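S.K.: With the sequence up front, the predicted model follows.
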Amino acid sequence: MDGIHDMGGMHGFGRVEPEANEPVFHAKWEGRCLALNRAMGAIGAWSIDAGRAGIEELPPAVYLARSYYGKWALRLQNMVIARGLAGADEIAAGHALRRGEPPPRTFGIADVSRTLNRGSYSRPASAPARFKVGERVRTKNIHPPTHTRLPRYARGRVGVIEAVRGCHVFPDTSAIGAGENPQWLYTVLFDGRELWGENTDPTLKVSIEAFEPYLEPA
Amino acid sequence: MTHDHDHDDHHDDHPPHGSELSEMQLRVRAIETVLAEKGYIDPAALDGMIEAYETRIGPHIGARLVAKAWTDPAFKRALIEDASKAIRAFGVVDRVGDHLIAVENTPKLHNMIVCTLCSCYPWDVLGLPPVWYKSSPYRSRAVNDPRGVLADFGVTLPPDSEIRVWDSTAETRFIVLPMRPAGTEGWSEEQLAALVTRDCMIGTGLPKNPLPKHPKDIA
């Protein structure tokens, strides 16, 4: 999706402003919001990829205007409603008006430690990796209207395979409920000038983590 | 308009919205109540997760890994080879997730980590990302003006140093292994870990300078 979330290389956002002694959360609701989102992921209400798509689908003006956890709260609300886990009327009322459907699995205290460690996204490969370390590749010029992890600034560019990272869940299909469809994952290294033009800092190199369907031989 | 200011809300990644705090408090509370009443979540489990991020999981974990890499060449080799596996094998810290990749700074190479598409970050070794890491300025500029971003952090690299930006576009996660500061010969892992900042493990900072004299005194 060519959305506002795909920010690499955009101009006009200004300086980076680090905050000294930043707290983990700036308000209590931020922690509740983080934990609620993680909990719903942990009980399988949606995949990590569908969750990211849920953020990307917020209207661009909302995306830019809301804080980070503000976006998470809107995503959570949209997704529980879209999946029929809660009704807009219930959230407006602040109370459940009906029973959970389907019968829910509860995210409980015993699940906490499991969610604090990231799971593995490696999957068995059904075919050998198409590309080898050192090989030149070109990223495809694709513009799917749905979730993808190939950023716009790195489409149609020539780079070099720097590492083969194994076979992983493919976000582009996972996000839309079309299955894990595991694909080989590579670190692809680009010269800064290939991405940003001849006047770019010659010492700059940028890599992306690219799934095999994003790549073709160069 | 009344604002509920029990917490500071003006340090966010966007211009302050006085109404967001109370609006979001109410919205999140309503969603939590509905999901708990329907049996999807136990609110006490949310407390446990929040408590872990507020008290146990943070950059001190990454700092221990860096300090050990600075003092134990075998661990450093293993960390660069496969960070998740090395951390499990050496038992330096509790289990970390899969796909962690450690990238090493040298006098000729500086690494910086970003996620231009969202906010991917090595949570289990650095905790939750700071607001600036998730902000539009950082996500937009890190990939085409990393030296400008470093200037925002007060960091200047030698002009001939290669700068390498890793965009975290998949489930692989990156941690920068910074260079060990000069003047720390003979320091313990604990002393060294105190020099390792969160930002130097993201690549937007450098380790703290060791005190010029009496390094043992800071232990």
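M.R.: Thanks, I have the structure now. Worth saying up front: this structure is predicted, and the values here are computed from it rather than measured.

S.K.: Just give the number of residues close to residue B:85.
M.R.: Using other Cβ atoms under 10 Å in any protein chain shown, residue B:85 has 14 other residues around it. C-beta here means a position set from N, CA and C on the backbone, and glycine is covered the same way.

S.K.: which stretch of helix or strand covers it?
M.R.: Assessed by DSSP states H and E, residue B:85 sits inside helix B:83-90.

S.K.: After the longest strand that chain A contains, which helix or strand is next? Please name it.
M.R.: Ranked by number of residues, the top strand in chain A under DSSP state E is strand A:158-168. Next helix or strand after strand A:158-168 toward the C-terminus (DSSP H and E): helix A:171-174.

S.K.: which strands and helices sit next to that following helix?
M.R.: Here helix A:171-174 touches helix A:48-56, going by 3 or more Cβ pairs under 8 Å, 6 or more residues apart in numbering or on different chains; DSSP states H and E.

S.K.: Kindly export the helix it packs on (C-alpha atoms) in CSV.
M.R.: The C-alpha trace of helix A:48-56 is given here as CSV (Å, rounded to 0.1, in the frame of the first residue of the first chain):
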residue,chain,number,x,y,z
ILE,A,48,1.4,-9.1,13.2
ASP,A,49,1.1,-8.3,9.5
ALA,A,50,-2.6,-7.7,9.6
GLY,A,51,-2.0,-5.5,12.6
ARG,A,52,0.5,-3.4,10.7
ALA,A,53,-1.9,-3.2,7.8
GLY,A,54,-4.5,-1.9,10.3
ILE,A,55,-2.2,1.0,11.2
GLU,A,56,-1.5,1.7,7.5
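
S.K.: the strands in chain B, which residues?
M.R.: With DSSP E, the ranges of strands along chain B come out as B:100-104, B:109-114, B:162-167, B:173-177.

S.K.: now for those, which one comes closest to chain A?
M.R.: strand B:162-167 (4.6 Å; Cβ to the nearest Cβ).

S.K.: So is the strand or helix carrying residue A:185 next to chain B?
M.R.: Using DSSP H and E, residue A:185 sits in strand A:183-191. Yes: for strand A:183-191, a contact with chain B is found by Cβ under 8 Å from any Cβ of the partner chain, at A:185, A:187.

S.K.: Please find the angle between the direction vectors of that strand and strand A:158-168.
M.R.: 150 degrees (axes from the mean of the first three to the mean of the last three Cα atoms, to 10 degrees).

S.K.: List the buried residues for the helix or strand following strand A:183-191?
M.R.: Under the assignment DSSP H and E, the closest C-terminal helix or strand after strand A:183-191 is helix A:192-196. Buried residues in helix A:192-196, counted by 16 or more other Cβ atoms under 10 Å in any protein chain shown: A:192, A:195, A:196.

S.K.: The second one against residue A:157, yeah?
M.R.: I take that to be residue A:195. Yes: with contact defined as Cβ atoms under 8 Å, residue A:195 counts as touching residue A:157 (6.0 Å).

S.K.: Pick out the residue of chain A closest to chain B.
M.R.: residue A:118 (2.8 Å).

S.K.: low pLDDT regions in chain A?
M.R.: Within chain A, the stretches with pLDDT under 70 are A:103.

S.K.: OK, contacts around the residue of chain A most remote from its centre?
M.R.: Here chain A reaches farthest from its C-alpha mean at residue A:97, the gap being 32.6 Å by Cα atoms, centre = their mean. For residue A:97, the contact set (Cβ atoms under 8 Å, 6 or more residues apart in numbering or on different chains) comprises A:87, A:89, A:90.

S.K.: Leaving out the residues flanking it, which one is nearest to residue A:42?
M.R.: Leaving aside its chain neighbours, residue A:42 sits nearest to residue A:115 (4.7 Å; criterion: Cβ to Cβ, 6 or more residues apart in numbering or on different chains).

S.K.: Now do the SS call for the one you found.
M.R.: Secondary structure, DSSP: H, G, I helix; E, B strand; the rest coil: residue A:115 is helix.

S.K.: That one: neighbour count?
M.R.: Counted with other Cβ under 10 Å, residue A:115 comes out at 19.

S.K.: since we're on residue 175, how many residues are nearby?
M.R.: Using chain A. Here the count is done by other Cβ under 10 Å, and residue A:175 has 24 residues near it.

S.K.: Actually, chain B is the one I wanted.
M.R.: 26.
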